[in-house]
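>>> What would the 3D arrangement of this be:
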Amino acid sequence: MQPTTDAVDYAAPMVQTAAVEYNNLSETVGLEGTLSPAVTANLSFSVSGTVTKVYVKVGEQVAKGDKLAAVSKDDLQDAVTLAKANLTSAKADYTDAKSNGTSAQIKSAKAQVAAAEASLATAKSNLSDAVLKSTIDGTIAEVNVSVGDTIGGQSSSSGASMPGDVSSSSAAFLILDTSAWQVEGTVSAADVSQVKSGQTVAVTVGEDLTPVAGTVAAVGMVATSSMDGQATFPVTVTIDEPNESFYSGTTASAQITVSESGNVLTVPTAAVLADGDQTYVTMADGSTRDITIGKTVGDLTEVTDGLAEGEEVQYTSAFAGVAADDSGQFTQGMGGMGGIGMGGSGITVVTQSGGGGTRRMQAAPMPR
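Below you'll find the model as predicted:
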């Protein structure tokens, strides 16, 4: 009988064997984040004025102390001249008070001198700030001023970058230190207790599937909420060997190794069975053997007692492509007709190949 075209998928198990062998077991926690330089500088003029010179453009390398831009100095120089005159006057008043004044007048005059000295120091600092200089070694990433622009004083910042701090359209200049990079991401509340500073990380950046080494630098203690409302915790990963092709803002994924067991005896996790509190495996000859297990990582489980390297165990796995037609007959993949029968040791799948050959696969483990 030929099977109908309306085949129904059937998940048939198949018994396989595997050797007991030594492996390295590594448990990882995944992280998705954004690549950014570890150090950035958002720099702006702290004084007001009209921009008279811009010394750099995007892409140029600068060193700490290099000039970036300058504003007109006329008003700032006038402020220094006035502050000097005020200080001279305050000192004269103080001298006069010491000769003819009361103790209260002397004290007041002395305070005026101190205030005038502070004003002069501020005026000189402002004059110096008419030329904006880089605070770090790095690459110019943004230039947001041009000659002729009128600007108002605002604060600048530089140092370790935080999430969201890499780009700034309000700063006059954005400088990136491309010698050190990091990935800022989050892990779930279920995983955060396993993540510790110093753990090794494999980082994949953008479309490049070749991982680069990294290290967990910091694990945040204050939760944030993800889009689905679940609590997540910030994690910072530093890249051990920066790549010249890195770009700030690129998506990156990371696998954090949270535990590792080297050269331990393992079996497929699917081979480990349980009878109450006792774990056991079915050997290749159909017998069963009690074992003691350790760590389970994915499809491998550590065996601490009961098995030796090279012994073989059997386990049940599903295989695809088995279908039943309306008559109850079964086929596997494109092989043609087949059927299922009950053998003494379990289900046996019988398939017939296109050339007329027949093969049988035991499809259930021996009962314990």
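>>> tell me the contacts of residue 61?
Shown in contact with residue 61 (Cβ atoms under 8 Å, 6 or more residues apart in numbering): 137, 138, 139, 140. Heads up, the C-betas are built off the backbone N, CA and C, glycines and all.
>>> what residue ranges in this protein score low on pLDDT?
1-12, 153-169, 226-227, 318-368 (pLDDT under 70).
>>> for it, which strand is longest?
strand 21-43 (DSSP state E).
>>> picking that back up, of the contacts of residue 61, grab the buried ones for ChimeraX.
If you want just the buried ones from those in ChimeraX, going by 16 or more other Cβ atoms under 10 Å, the selection is:
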select :137,138,139,140
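>>> Could I get the phi/psi values of the residue sitting furthest away from the middle of the chain?
Distance from the C-alpha centroid of the chain, by Cα atoms, centre = their mean, peaks at residue 100 (71.7 Å). Note on residue 100: its backbone torsions stand at phi -130, psi -10 [degrees, to the nearest 10].
>>> Next: the one 10 residues further on.
Per-residue torsions, residue 110: phi -60, psi -40 (degrees, to the nearest 10).
>>> didn't it look like it was pressed against residue 93?
No: counting by Cβ atoms under 8 Å, residue 110 stays clear of residue 93, with 9.6 Å between them.
>>> show me where the protein has helices.
In the chain, the helices defined using DSSP state H lie at 74-100, 103-128.
>>> residues of the first one that come out buried?
Translated: helix 74-100. Buried-residue list, helix 74-100, by 16+ other Cβ under 10 Å: 76, 79, 80, 83, 86, 87, 90, 93, 94, 97.
>>> Could you dump those into JSON lines with distance to residue 240 added?
JSON lines is the format used below for these (distance: Cβ to Cβ, whole Å):
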{"residue": "76", "distance to residue 240": "46"}
{"residue": "79", "distance to residue 240": "50"}
{"residue": "80", "distance to residue 240": "49"}
{"residue": "83", "distance to residue 240": "51"}
{"residue": "86", "distance to residue 240": "56"}
{"residue": "87", "distance to residue 240": "55"}
{"residue": "90", "distance to residue 240": "58"}
{"residue": "93", "distance to residue 240": "64"}
{"residue": "94", "distance to residue 240": "61"}
{"residue": "97", "distance to residue 240": "66"}
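>>> And the residues you listed, which is closest to residue 178?
Nearest to residue 178 among those, counting by Cβ to Cβ, is residue 76 at 33.8 Å.
>>> Is it correct that that closest one is in contact with residue 48?
No: judged on Cβ under 8 Å, residue 76 makes no contact with residue 48 at a distance of 9.1 Å.
>>> Please name the bridge partners of residue 290.
Beta bridges link residue 290 to residue 280, judged by DSSP bridges.
>>> give the contact list for it.
278, 279, 280, 306.
>>> Can you say which of those residues are buried?
Of the members of those, the ones counted as buried by neighbours, 16+ other Cβ under 10 Å, are 279, 280, 306.
>>> Just name the closest of these to residue 41, please.
Distances from residue 41 to those, taken by Cβ to Cβ, are shortest for residue 279, at 58.1 Å.
>>> distance of that closest one from residue 305?
For residue 279, the distance to residue 305 (Cβ to Cβ, to the nearest Å) stands at 10 Å.
>>> One more: residue 104?
For residue 104, the distance to residue 305 - Cβ to Cβ - is 92 Å.
>>> can you give me the strands for the stretch 101-250 of the chain?
Shown for the stretch 101-250 of the chain, the strands assigned by DSSP state E, counting those that start in this stretch span residues 131-133, 138-143, 150-151, 157-160, 173-188, 200-205, 212-219, 224-225, 231-239.
>>> strands paired with the second one, and their directions?
To tie it back to what came earlier, the one meant is strand 138-143. According to DSSP bridges, strand 138-143 has the following sheet partners: strand 61-62 (antiparallel), strand 173-188 (antiparallel).
>>> hey, which of those strands is tucked in deepest?
strand 173-188 (a mean of 22; mean count of other Cβ atoms under 10 Å).
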